[in-house]
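> A predicted structure for the sequence below; I have some questions about it.
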Amino acid sequence: MSSAPIRKALIPAAGLGTRFLPATKASPKEMLPLVDKPLIQYAVEEAVSSGIEDIIIITGRGKRAIEDHFDRSFELEENLKGNGKGQLLNDIQRIARLANFCYIRQPEALGLGHAVLCAQHLIGNEPFAVMLGDEVIDAPIPALAQLIHVYNTHKGAVLGVQKVPRAEVSRYGIVAIRRMASGLHRVLDLVEKPAPTDAPSQYAVIGRYVLPPDIFPILRRTAPGKNGEIQLTDALRVLAQKAPMYAYEVRGQRYDAGDKLGFLQATVEFALKNPTLGPPFAKYLKELRRSLVVRHS
């Protein structure tokens, strides 16, 4: 198992965003605004705060807006400069300086495992992170930094997990585990979207992974599963039988922003935490609640 530092993070962003249609027909789901930043920027900032230097984004057709967002926009910068909007100018310029960005086009949406394989030539023989951009995790210590700490301590693949209600296990990859310490478990097996009666636990994988390069040859041998997709879960099952793998209960508030309700919940919570928007938005919500109570009384 490689002991090299974790310097690279892979963010798959080639999906079709069908859960948000028609909003995502012509605009990438990853660019949906969560208050004042696109979803994918939250993942990038979490990665950078965790010590990541290189961000590899897997894109597809119709995703150019992602590349443009993390690039310089000289016309916009000149406009802001000419209008004396110095703080906005700094905010815009900072985006392009967050990390070293690289983009790979995934020709077809052939699953998360295939997306990871697309980046093998850029990752090489180093351990790396995988982050699903529609999982937004608000935490004092960045979620990815928590996983990297576990990897550095135990030198094995680490999956971010959180306990979910048994009725919801069929929405996630679920791990079979053996407890090692508070919040830390050894992964014995993984099951993709099991029925509640078949789930080996209630611990769901939540879109944060730290993986060794050993995953690549396994992925290359992984046969396509449902819908002809190469599933990362299938490769992780094989890896767990060959080397130690850990599940860490991520500490923080997680939002499934790839779901409409989860996206709305995240919008409300992040808006309330915004130093400028928070107070007037809280006032609006209180007034709205009062009016609803009166209306239905």
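Looks like it arrived, so ask away. Quick caveat, the model's predicted, so the values are computed rather than measured.
> from here on, just use CA atoms for contacts and neighbour counts.
OK.
> and for residue 67, the neighbour number?
Residues contacting residue 67 under the criterion other CA atoms under 10 Å number 15.
> ok, for it, nearest residue in space, not its chain neighbours?
Leaving aside its chain neighbours, residue 67 sits nearest to residue 103 (7.6 Å; criterion: CA to CA, 6 or more residues apart in numbering).
> in a strand, that neighbour, correct?
Yes: judged by DSSP: H, G, I helix; E, B strand; the rest coil, residue 103 forms part of a strand.
> list the residues that contact it.
Contacts for residue 103 (CA atoms under 8 Å, 6 or more residues apart in numbering) come out as 56, 57, 58, 59, 67.
> for those residues, which one is nearest residue 155?
Residue 155 has its nearest neighbour among the contacts of residue 103 in residue 56, at 22.7 Å by CA to CA.
> each with direction, which strands does the helix or strand hosting that closest one pair with?
Residue 56 belongs to strand 54-59 when assigned by DSSP states H and E. Paired neighbours of strand 54-59 in the sheet (DSSP bridges): strand 8-12 (parallel), strand 100-105 (parallel).
> what comes up buried for the longest one?
Looking back up the chat, that one is strand 100-105. Within strand 100-105, the residues scored as buried using 16 or more other CA atoms under 10 Å are 101, 103, 104, 105.
> which two among those are spaced furthest apart?
Once CA to CA is applied, the buried residues of strand 100-105 give 101 and 105 as the farthest pair, at 13.4 Å.
> residue ranges of the strands in the protein, please?
8-12, 33-34, 37-38, 54-59, 100-105, 128-131, 135-138, 157-163, 173-181, 184-192, 203-211, 245-249, 253-256 (DSSP state E).
> any chance of those strands in CSV, plus distance to residue 282?
Output for these, formatted as CSV (distance: least, CA to CA, whole Å):
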stretch, distance to residue 282
strand 8-12, 33
strand 33-34, 17
strand 37-38, 20
strand 54-59, 35
strand 100-105, 37
strand 128-131, 31
strand 135-138, 19
strand 157-163, 29
strand 173-181, 36
strand 184-192, 37
strand 203-211, 29
strand 245-249, 31
strand 253-256, 19
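> which of the ones you listed sits closest to residue 89?
That would be strand 37-38 among the strands of the chain, by CA to CA, at 14.8 Å.
> now do that closest one: everything it contacts.
Contacts to strand 37-38, defined as CA under 8 Å, 6+ apart, come from residues 30, 31, 32.
> just to revisit the earlier point, ok, which of the strands of the chain comes nearest residue 230?
The nearest among the strands of the chain, by CA to CA, is strand 184-192 at 12.6 Å.
> what about residue 95, how many neighbours?
Residues near residue 95, counting by other CA under 10 Å: 16.
> how about it, nearest residue that isn't a chain neighbour?
Residue 95 sits nearest to residue 70 (CA to CA, 6+ apart), 5.8 Å away.
> reformat the strands of the chain as CSV; add mean pLDDT and distance to residue 45.
Below are the strands of the chain laid out as CSV (pLDDT from 0 to 100; distance: least, CA to CA, whole Å):
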stretch, mean pLDDT, distance to residue 45
strand 8-12, 96, 11
strand 33-34, 94, 14
strand 37-38, 94, 11
strand 54-59, 96, 10
strand 100-105, 95, 12
strand 128-131, 98, 11
strand 135-138, 95, 11
strand 157-163, 96, 18
strand 173-181, 94, 25
strand 184-192, 94, 25
strand 203-211, 95, 14
strand 245-249, 97, 21
strand 253-256, 94, 16
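> for these, which one sits closest to residue 80?
Once CA to CA is applied to the strands of the chain, the stretch that comes out nearest is strand 37-38, at 17.8 Å.
> residues contacting residue 265?
Counted by CA under 8 Å, 6+ apart, residue 265 has contacts residue 255.
> could you do residue 219 as well?
By CA under 8 Å, 6+ apart, residue 219 lies in contact with 113, 114, 117, 230, 232, 235.
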